[in-house]
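1. please find the sequence and the predicted model below.
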Amino acid sequence: MIKKTAIYIVLLLFTLPLVAQETHVSAKEKIEGRWHEYKRIQGDSTTFIIENPDTYIFKENMVFHKGEATDGMILFNIAGKYKLEDGAIIIYYQDYLDKNVKKQSPKKLVFKLLSLSKDEMHVLVQDYNYEYEMMLKKALSH
């Protein structure tokens, strides 16, 4: 009986690291992909975005794109780089619709992660003096 229990314990100890490796997904891996805004909370006001949601793309090479949707089309006018730091996504970007884009220094946008799962992200957005909460859903990959 003791031998059998000892064998099970040894097997368990050898398989735990393998199980942990397979189930562990880093924050970067969870963030990578295409996200659609579906809810914005500003003070006491909550807005559900049903039509034409903004699209946020976080690529594995740390490149960021934001697309604004209108009339069924997405215009990707904002691009830059992002990094993960202290529970936040720090984004440095340029707005390519601005005619003086070459003279601009990159703008900074911060998404403080309030919660993050494989298919939903809840962030506190800090854009200069403007702050609001946003809920994003991960788009299905093809």
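-> Ah, there it is.

2. burial measure for residue 31, as a count.
-> Using other Cβ atoms under 10 Å, residue 31 has 19 other residues around it. Every residue, glycine included, has its C-beta placed from N, CA and C.

3. likewise the one 5 residues further on?
-> Other residues within reach of residue 36, judged by other Cβ under 10 Å, total 16.

4. from what I can see it touches residue 136, true?
-> Yes: Residue 36 is within contact range of residue 136, at 6.4 Å (criterion: Cβ atoms under 8 Å).

5. joint contacts of these two?
-> Counting by Cβ atoms under 8 Å, 6 or more residues apart in numbering, the contacts common to residue 36 and residue 136 are residue 56.

6. where does residue 97 land in three-state SS?
-> Of the three states, residue 97 takes coil under DSSP: H, G, I helix; E, B strand; the rest coil.

7. who's in contact with it?
-> Per Cβ under 8 Å, 6+ apart, neighbours of residue 97: residue 77.

8. mind checking how far it is from residue 86?
-> 31 Å (Cβ to Cβ, to the nearest Å).

9. since that was my last question, I'll sign off now.
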